[in-house]
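Asks: how would this look folded up:
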Amino acid sequence: MTDTVTKKRRSEIMALVSQKNTKPELVVRSYLHKKGLRYRLHVKELPGKPDIVFRRLKTVLFINGCFWHGHRVGKCKLARIPKSNVDFWKTKIEGNRERDERNWRKLEEQGWRVIVVWECQLSEKGVLDKLAKDLLAI
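Replies: Next up is the predicted model:
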């Protein structure tokens with residue numbers, strides 16, 4: 001399928017996509033806060049600026065969008081490569097994946113526990129309950 005907007009307009013649309021305070025992130029934060037868990041947001045001193053940081057638990061959460069972070073491309077319905085400008089998107093998403101893995105490795109080397117919550121997981125029943133239970137058990 002051909003894109004129905006100009007390249008300039010597509011670029012403008014993509015530039016509007018938020019990097020912080022996304023809907024999946026707000027859902028997770030709201031749920032964890034209701035469970036009594038307190039955290040810091042987007043701590044700049046840590047590799048990758050994790051979405052949620054539990055300093056006392058030495059645990060960080062990344063809430064990843066399936067499209068932008070290449071979640072199981074081909075298996076996750078939200079992680080698909082656009083049909084236009086395919087080479088750009090493959091390179092972009094692969095670069096994001098590599099950067100994520102580097103940041104996760106650095107955090108683990110510093111003694112942090114890294115948890116990744118994928119956007120598609122939020123529609124699964126009980127995922128947030130399990131996450132909160134795991135965090136409270138630490």
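
Asks: Just the buried residues of stretch 98-111, please?
Replies: 100, 103, 104, 107 (16 or more other C-beta atoms under 10 Å). (Each C-beta comes from the backbone N, C-alpha and C, glycine too.)

Asks: ok, now stretch 35-49?
Replies: Buried residues in stretch 35-49, counting neighbours by 16+ other C-beta under 10 Å, are found at 37, 39, 43, 46, 47, 48, 49.

Asks: Could you identify the most distant pair in these?
Replies: The span of the buried residues of stretch 35-49, defined through C-beta to C-beta, is set by 37 and 47 at 22.2 Å.

Asks: coming back round to it: just curious, which of the buried residues of stretch 35-49 is nearest to residue 75?
Replies: Closest approach to residue 75 among the buried residues of stretch 35-49 (C-beta to C-beta): residue 48, at 23.8 Å.

Asks: what's the burial count for the residue lying closest to residue 69 once chain neighbours are set aside?
Replies: The shortest distance from residue 69 to any non-neighbouring residue, by C-beta to C-beta, 6 or more residues apart in numbering, is to residue 96 (5.5 Å). With neighbours defined by other C-beta atoms under 10 Å, the count for residue 96 comes to 16.

Asks: And residue 29, how close does it get to residue 56?
Replies: For residue 29, the distance to residue 56 (C-beta to C-beta, to the nearest Å) stands at 17 Å.

Asks: Counting neighbours, go ahead and name the busier of these two.
Replies: residue 29 (18 against 9).
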